[in-house]
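>>> next come a sequence and a model predicted from it.
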Amino acid sequence: MAYGDALYGALLFGGQATDISQPSDVTPPDLMGYLPAYWHGIRDMVELQATLAEELGISIAAAADLAHQFYATTATWGLSYWERELGLPTDPSMTYAWRREIIRAKLRGHGTVTRQMLIGVASAFSGGEVNVQEYPSDNRFVIQFVGILGVPANMAGFIAMLEQIKPAHLSYTFLYTYTTWERVSHLTWHEAAERSWAQLRTFGGG
């Protein structure tokens, strides 16, 4: 997948892509440090090196930023190219983290759908341990989120991805993990009252 060539031939000379932002972590190098001391007192030379250092700093930061776009886990403005390559819709209103989850799940979801594939896709979204129970005679399976408490974020994106990769005849349900009474029994009534019911159901404190 030639993302480095994504803009080649697509822009006129001097043009720029509208979805590419200039890197924010620009640190101009100290070019005067490479010159003999007698140049340091010459104003024109100091100003020239300062201008060159600023441009060089931008170039270095841009190169580092471009390298991040080659990996779905670090891409930002390059996520749209990943989505286009994988046939995914681009929704700029979604956070980078959520878009990366969808891309990673799509990459894991290529090929024949197996239990291990479903576990990998679900894990990519939830960020925790997942178990999949299959019921072939009923044409269904159950995805249980074990490694996190409550409903994982971006479930809508996960369900959309699941619909793309699973066979049409299979149905599915979800099981979520919540806090047991033993894990909250040490809380005083005052401490419990400070939390909502939803917070208590996903309370992970010791």
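Nice, I can see it.
>>> quick check: longest strand in the chain by residues?
Longest among the strand segments of the chain by residue count, using DSSP state E, is strand 140-149.
>>> give the pairing partners of that strand; include direction for each.
strand 130-135 (antiparallel), strand 171-177 (parallel) (DSSP bridges).
>>> pull out the buried positions in the first one.
Going back to what we said before, that points to strand 130-135. Buried residues in strand 130-135, counted by 16 or more other Cβ atoms under 10 Å: 130, 132. (C-beta placed from N, C-alpha, C; glycine too.)
>>> pull the distance from that strand to the chain's centre.
25 Å (Cα atoms, centre = their mean, to the nearest Å).
>>> with just CA atoms, put that strand into CSV.
What follows is strand 130-135, C-alpha atoms only, in CSV (Å, rounded to 0.1, in the frame of the first residue of the first chain):
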residue,chain,number,x,y,z
VAL,A,130,-12.6,-11.1,24.9
ASN,A,131,-14.2,-14.5,24.8
VAL,A,132,-16.4,-15.9,21.9
GLN,A,133,-18.8,-18.7,22.4
GLU,A,134,-20.1,-20.4,19.2
TYR,A,135,-23.4,-22.2,18.8
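>>> so where is this structure shaky, pLDDT-wise?
1-24, 109-112, 178-206 (pLDDT under 70).
>>> could you pull out the helices for it?
43-68, 79-86, 96-108, 115-126, 155-165, 181-184, 189-193, 197-201 (DSSP state H).
>>> how many residues are close by the nearest residue to residue 125 once chain neighbours are set aside?
Leaving aside its sequence neighbours, residue 125 sits nearest to residue 158 (Cβ to Cβ, 6 or more residues apart in numbering; 4.3 Å). Residue 158: 22 surrounding residues under other Cβ atoms under 10 Å.
>>> which ones are touching residue 162?
121, 172 (Cβ atoms under 8 Å, 6 or more residues apart in numbering).
>>> any idea how far it lies from residue 71?
24 Å (Cβ to Cβ, to the nearest Å).
>>> same list (the helices of the chain) but as a markdown table, adding distance to residue 138.
What follows is the helices of the chain, written out as a markdown table (distance: least, Cβ to Cβ, whole Å):
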| stretch | distance to residue 138 |
| --- | --- |
| helix 43-68 | 45 |
| helix 79-86 | 31 |
| helix 96-108 | 25 |
| helix 115-126 | 15 |
| helix 155-165 | 17 |
| helix 181-184 | 32 |
| helix 189-193 | 40 |
| helix 197-201 | 29 |
